[in-house]
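Enquirer: Quick one: sequence and predicted model below, then my questions.
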Amino acid sequence: MRICALVKYPPIQGGVSARCYWIARALAERGHQVTVVTNADEVEESYRIWVPNEDQIRLEATFPNGGFVKIVNSGRHQKRLSFIPFSNPFVTKLSALATQEIRRNNCELIFSYYFEPYGMAAHLAAAWTGIPHVVQHAGSDRTRLLSHPELSLAYKEMLRHAAVVVGDSNLAGIGLARSQLTHAGGEFLPKEWFDLSVPPLNIGTLLHRVGPLENQRTSNRTELLPNRATLGLYGKVGEPKGSFDLIKALGQLHQKGVAFNFLAMVGGREYGEFTEALLNAGLGPVTWLLPFLPHWRVVNFLRACHAVCYLERRFPVEIHRPGIPVEIMASGVCAVLSEEVAKKQRFWHQLRDGENFFLVKDPTDIDCLTEVLSYVIEDSDRSRVVGQAGQRLIHVATESDLAEAYEHIFENALARHHKIESSGREKASLTDCEDGEFREEVLTFISVRMPAASVILHDKLRPWILEFECKRAIAGLEAAAQRAYRFSEFLVDKTTHRLDPHPSELIGQIVSFEHHALWLAIDLEGYSGVPPFPHLRASATRRTTDQSPLRLRPVLSNWTRICEFRPDIEDVLKATCMGQPVELTPPASRKASFLFQKRGDLAGHLSNQ
């Protein structure tokens, strides 16, 4: 298969870059031809990997079976790049370079990983060349970027036009068919590199080689101090990462005379604040700051440590599942993890504090964190045993598994694309109301997003959806998620406006409440061109004649609804879903206001007053 990949790639630091590197290499080893189009050479210094000369050759690869990885980097022609207001036009650069490579190499498929700029550039290249686009998201683009009011719609349109989307199945609410959504499995590690036989990094030699080019990132420039435990930290630093909590705890230990080495391979926007905090804590003499190393050299860094900390807490990206804990433990090194991070691991129920890792319940509790670190430092032999026990927990995909997973995804994308082309119809035209499969997809949305209503109306849903389709003019290009919302409106009419011969006030409340909850998970505004924030000159809120706070109505956001329901409606929904008896008669005498707040990533927020 000939593949054009628009992705993060070394020398960009981070988990997505690492995974893209191994995906490309694994596919090439199986005979596929992968052209990587990237802006990696233009990455800012705070996120740049230092790649030694002997490792440069690893960025590309050629195999005897004809497979290869070839890199095409942007940023080669910067002198004539000038316009006002200025920004680096990554989407334009990458889409042009990708289109050129697709036509030159007769590529069959485009793969992108991360929405900005790679997914958007790949979308343009796919539109220009007519070949299918497979897009994969990470955590921050799926949440933070997709929620941005000025970016959200562009990403949604890109996703709707993709042949396959790799990631969260909840993206179906954007208007994707089930056949468009898939996943690529769990964690992956290259077994040949993450192995107990890998030698530890020689810190003095590395710092001598890095020299003045990275002088701003280094403190001590000699070998680690002997006969003491070495604690490690790597990745981007920041407040939610627990980086500054760690410095406070280590500073306290250092002041008490506890001997240790601190080895940090870190960077990011808060790097300056991090190094300043290190100096303020008096940790300079025991700290070795390193540049980011290539993904295949991370294990050497880990093997130079007795224990490595990963202390994320209150991390703003809800679906973030970091891969660093897996890398630490796969290296046979003792992992010190926050509870928030530990609970995100697939093997969480197998973790035992003090046996195969060390737990820090809340890193902001500095005394607790200091106590854990003190134990790890003072009993380095025990830490080594804990690290070996943790290594036995790690069972992850190999390079062959990784290649097979993406081969399957790409083959399905090609098949889906060819089916649409051969039918001569738009992919969404399969949503005719006579199509039983599509009707089932609509009913699946209702059952998942309106579970209590589905329990109460289970024998009526199928007859009513047929009635709904016959009475309403159905748009042929409407996606299942949007059709499900229209059907939920029909259900509200049936139950709230007494169109059903046996209605009750509570049934109407249940259906209406879940109808609004369904709205949170489905993109309607993007289809109709409704902006999240209308351009108003009026104040942010408008008061009714009732001046109580509950009568305030926001007017700044089209992604907000305030509705009144009986105060116990959420308890009623839970009981109904569990099959417990619920009193369906007397209406509640008191009402409560509920706020339904939609987000661009369709992970809405619900609260009541």
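Expert: It's in.
Enquirer: Low-confidence stretches in the stretch 51-200 of the chain?
Expert: Within the stretch 51-200 of the chain, no stretch has pLDDT under 70.
Enquirer: What ranges does it have for its helices?
Expert: Secondary structure of the stretch 51-200 of the chain, counting by DSSP state H, counting those that start in this stretch: helices at 90-105, 120-129, 140, 146-147, 152-161.
Enquirer: Kindly provide the distance from residue 97 to residue 318.
Expert: Note on residue 97: its distance to residue 318, by C-beta to C-beta, to the nearest Å, is 34 Å. Any C-beta I mention is one placed from the backbone N, CA and C, and that applies to glycine too.
Enquirer: Equivalent analysis for residue 305, please.
Expert: Residue 305 is 30 Å from residue 318, by C-beta to C-beta.
Enquirer: neighbour-wise, which of those two wins?
Expert: Ranked by neighbour count (other C-beta atoms under 10 Å), residue 305 and residue 318 place residue 305 first, with 27 against 10.
Enquirer: shouldn't the more buried one be in contact with residue 230?
Expert: Yes. Between residue 305 and residue 230 there is a contact at 4.9 Å, judged by C-beta atoms under 8 Å.
Enquirer: which neighbours do these two share?
Expert: residue 263 (C-beta atoms under 8 Å, 6 or more residues apart in numbering).
Enquirer: Mind giving me the packing neighbours of the helix ranked longest in the chain?
Expert: Of all segments of type helix in the chain, defined using DSSP state H, the longest is helix 399-423. Judged by 3 or more C-beta pairs under 8 Å, 6 or more residues apart in numbering; DSSP states H and E, helix 399-423 is in contact with helix 15-29, strand 109-113, strand 133-136, strand 164-166.
Enquirer: ok so, going back, reformat the helices of the stretch 51-200 of the chain as TSV; add distance to residue 347 and mean neighbour count.
Expert: Output for the helices of the stretch 51-200 of the chain, formatted as TSV (distance: least, C-beta to C-beta, whole Å; neighbours: other C-beta atoms under 10 Å):
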stretch	distance to residue 347	mean neighbour count
helix 90-105	37	19
helix 120-129	34	22
helix 140	24	17
helix 146-147	29	21
helix 152-161	31	21
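Enquirer: which residues does residue 251 contact?
Expert: Under the criterion of C-beta under 8 Å, 6+ apart, the neighbours of residue 251 are 280, 281, 282, 283.
Enquirer: now with 10 Å?
Expert: 277, 278, 280, 281, 282, 283, 366, 370 (C-beta atoms under 10 Å, 6 or more residues apart in numbering).
Enquirer: Weed out the non-buried ones from the residues you listed.
Expert: For the contacts of residue 251, a burial check counting by 16 or more other C-beta atoms under 10 Å picks out 277, 278, 281, 283, 370.
Enquirer: The last one sits in which helix or strand?
Expert: With secondary structure defined by DSSP states H and E, residue 370 is part of helix 366-378.
Enquirer: how about the CA coordinates for that helix, as CSV?
Expert: Taking Å, rounded to 0.1, in the frame of the first residue of the first chain, the C-alpha atoms of helix 366-378 are listed here in CSV:
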residue,chain,number,x,y,z
ILE,A,366,3.6,17.8,49.8
ASP,A,367,4.1,16.0,53.1
CYS,A,368,2.6,12.8,51.7
LEU,A,369,4.6,13.1,48.5
THR,A,370,7.8,13.8,50.5
GLU,A,371,7.1,10.7,52.6
VAL,A,372,6.8,8.4,49.5
LEU,A,373,9.9,9.9,47.9
SER,A,374,11.9,9.5,51.1
TYR,A,375,11.1,5.8,51.2
VAL,A,376,12.0,5.3,47.5
ILE,A,377,15.3,7.1,47.9
GLU,A,378,16.4,5.6,51.2
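Enquirer: quick one: average pLDDT of that helix?
Expert: On average, the pLDDT along helix 366-378 is 96.
Enquirer: Okay, buried residues for that helix please.
Expert: By 16+ other C-beta under 10 Å, the buried positions in helix 366-378 come out as 369, 370, 372, 373, 374, 376, 377.
Enquirer: residue contacts, the third one?
Expert: Residues touching residue 372, when contacts are defined by C-beta under 10 Å, 6+ apart, comprise 249, 307, 309, 336, 353, 354, 358, 359, 360, 361, 363.
Enquirer: now the last one
Expert: The contact partners of residue 377, taken as C-beta under 10 Å, 6+ apart, are 228-231, 250, 253, 258-261, 306-307, 383.
Enquirer: From residue 331, how far off is it?
Expert: Note on residue 377: its distance to residue 331, by C-beta to C-beta, is 19 Å.
Enquirer: Then the third one?
Expert: As judged by C-beta to C-beta, residue 372 and residue 331 stand 20 Å apart.
Enquirer: go on, residue 157?
Expert: As judged by C-beta to C-beta, residue 157 and residue 331 stand 42 Å apart.
Enquirer: Residue 144 reaches residue 315, doesn't it?
Expert: No. Using C-beta atoms under 10 Å, residue 144 is not in contact with residue 315, being 11.4 Å away.
Enquirer: Who has more neighbours out of those two?
Expert: Between residue 144 and residue 315, counting by other C-beta under 10 Å, residue 315 is the more crowded of the two (17 against 14).
Enquirer: So for residue 296, which of the helices and strands packed on helix 399-423 sits nearest?
Expert: Closest approach to residue 296 among those (C-beta to C-beta): helix 15-29, 8.3 Å.
Enquirer: Tell me where the stretch 401-550 of the chain has helices.
Expert: 436-449, 451-456, 461-471, 480-496, 505-520, 525-528.
Enquirer: Ok, which of those helices comes nearest residue 166?
Expert: Of all these, it is helix 480-496 that lies closest to residue 166, at 18.4 Å by C-beta to C-beta.
Enquirer: Could I get the average pLDDT for that closest one?
Expert: pLDDT averaged over helix 480-496 gives 92.
Enquirer: where does residue 74 sit relative to residue 90, distance-wise?
Expert: Look at residue 74 and residue 90: by C-beta to C-beta, they are 7 Å apart.
Enquirer: what touches both of those two?
Expert: Listed as contacting both residue 74 and residue 90 by C-beta under 10 Å, 6+ apart are 38, 39, 42, 117, 121.
Enquirer: Count residues in the vicinity of the residue nearest to residue 126 when sequence neighbours are not counted, would you?
Expert: Excluding the flanking residues, the one nearest residue 126 by C-beta to C-beta, 6 or more residues apart in numbering is residue 133, at 3.8 Å. Other residues near residue 133 number 27, with proximity taken as other C-beta under 10 Å.
Enquirer: quick one: the helices in the stretch 251-400 of the chain?
Expert: Going by DSSP H, counting those that start in this stretch, the stretch 251-400 of the chain shows helices at 271-280, 298-303, 324-330, 339-342, 366-378, 380-391, 399-423.
Enquirer: Pick the most deeply packed of the ones you listed.
Expert: Comparing these by mean neighbour count (mean count of other C-beta atoms under 10 Å), helix 324-330 ranks first with a mean of 26.
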